[in-house]
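A.B. asks: just coords:
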Ligand SMILES: O=C(O)CCC(=O)C(=O)O
Ligand SMILES: [Fe+2]
């Protein structure tokens, strides 16, 4: 099969055809796929139904897999796979629910944040559950000079925070959805109050902070990109707390204006693969009546510079 690449928007992103992830890839195809991720930043391979083992084998084309830093929702037979889902069986969650509903790139609260993420749509809700992306190269390039001068050479303080059901990424939920979101948030607060602290809540209390450059150099392309988010960054190193927060807020606001957003609508069998050093993303609201099940894999990254 010949690999084809078709852009999916004028912001970024491409659909890659001619790939069957259930068969081992040859070296040339693996290289072409890696090149496509770094050129297009977000790529989608559609109509794939791999077993967990085949999915993991395919992902190795992009580098070394890493387990998610919390182990409670990793798939038993293939623990590299981190399960995201709003489904519950006998009251027990099938995967992590309400994750990543704020602008972020993966695991910036670690010293070596993930380089690449793969997300496989196993079950797609009838509506909602889109993932939004922005291009952090142009988000940086388009900042006004006076803001660039204030962030160039500075490092942001990243710290893990429990952020399930914090819908700061998508500002478009309607009134009904906002009520449902508030109910979910309340339910989780009650659960946390009456039961043992969840692993995500515990991690928030014990993870040390990390300093990462606000403007990072992409390790593959050498291009500069914005590297921060409002949810896991708690300040700017060496800058007064209030001034740092205001600056972070303003940079994030400019980076995520609606004209910059690629809204990805999932189809069952999609595998979306993105470069975390040139994009930010956010999950959006899924009505709890509509099941959503996604398998996430991440590829080890280096310390940002
Ligand atoms: O489910 C999604 O759309 C994205 C989830 C995500 O960003 C994450 O788990 O880090
Ligand atoms: Fe994410």
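C.D. replies: Looks like it came in fine. Note that the coordinates shown come from a computational prediction; the quantities given were computed from them, not determined experimentally. Numbers count the residues shown, from 1 in each chain. Ligands and ions are numbered 1, 2, ... in the order given.

A.B. asks: Surely residue 213 touches residue 227?
C.D. replies: Yes: using CB atoms under 8 Å, residue 213 is in contact with residue 227, at 6.4 Å. C-betas here are computed from N, CA, C, even on glycine.

A.B. asks: neighbour count winner among these two?
C.D. replies: Taking neighbours as other CB atoms under 10 Å, residue 213 and residue 227 compare with residue 227 leading, 27 against 19.

A.B. asks: list the residues that contact both of residue 213 and residue 227?
C.D. replies: Listed as contacting both residue 213 and residue 227 by CB atoms under 8 Å, 6 or more residues apart in numbering are 156, 304.

A.B. asks: what residues does the stretch 201-305 of the chain put near ligand 1?
C.D. replies: Residues of the stretch 201-305 of the chain that fall close to ligand 1, judged by CB under 6 Å from any ligand atom: 281, 283, 294, 296.

A.B. asks: residues in contact with the closest residue to residue 229 other than its chain neighbours?
C.D. replies: Distance criterion CB to CB, 6 or more residues apart in numbering; nearest residue to residue 229, sequence neighbours excluded, is residue 104 at 4.5 Å. The contact partners of residue 104, by CB under 8 Å, 6+ apart, come to 229, 231, 232, 280, 281, 282.

A.B. asks: how close does the fourth one get to residue 177?
C.D. replies: Pointing back at residue 280 there. With distances taken as CB to CB, to the nearest Å, residue 280 is found 22 Å from residue 177.

A.B. asks: Have a look at these two and say which one is more surrounded.
C.D. replies: Comparing residue 280 with residue 177 by neighbour count (other CB under 10 Å), the higher total belongs to residue 280, at 28 against 17.

A.B. asks: Just grab the bridge partners of the more buried one for me.
C.D. replies: Residue 280 has these beta-bridge partners by DSSP bridges: residue 134.

A.B. asks: so residue 274, which of the three states?
C.D. replies: At residue 274 the chain is in strand, as set by DSSP: H, G, I helix; E, B strand; the rest coil.

A.B. asks: I'd guessed it sits against residue 41; true?
C.D. replies: Yes: the pair residue 274 / residue 41 is scored as a contact, 6.4 Å apart, by CB under 8 Å.

A.B. asks: Grab the nearest non-local neighbour of the closest residue to ligand 1 within the chain.
C.D. replies: Using CB to the nearest ligand atom, residue 100 is the residue of the chain that sits closest to ligand 1, at 2.6 Å. Leaving aside its chain neighbours, residue 100 sits nearest to residue 283 (4.3 Å; criterion: CB to CB, 6+ apart).

A.B. asks: My read is that the one you found contacts residue 96, right?
C.D. replies: No: applying CB under 8 Å, one finds residue 283 not in contact with residue 96, separated by 10.5 Å.

A.B. asks: Mutual contacts of these two, please.
C.D. replies: residue 84.

A.B. asks: what's the farthest-apart pair in the contacts of residue 104?
C.D. replies: The span of the contacts of residue 104, defined through CB to CB, is set by 232 and 281 at 13.1 Å.

A.B. asks: Now do the contacts for residue 124.
C.D. replies: Counting by CB under 8 Å, 6+ apart, residue 124 makes contact with 266, 267, 268, 270, 292.

A.B. asks: which residues are contacting the lowest-mean-pLDDT helix or strand in the chain?
C.D. replies: Ranked by mean pLDDT, DSSP states H and E, the helix or strand of the chain with the weakest confidence is helix 199-206, at a mean of 71. Residues outside helix 199-206 that contact it (CB under 8 Å, 6+ apart): 69, 70, 71, 72, 96, 160, 161, 162, 164, 192.

A.B. asks: show me the contacts for the closest residue to the fifth one other than its chain neighbours.
C.D. replies: The shortest distance from residue 96 to any non-neighbouring residue, by CB to CB, 6+ apart, is to residue 73 (4.5 Å). Applying CB under 8 Å, 6+ apart, one finds that residue 73 lies in contact with 82, 83, 84, 93, 95, 96.
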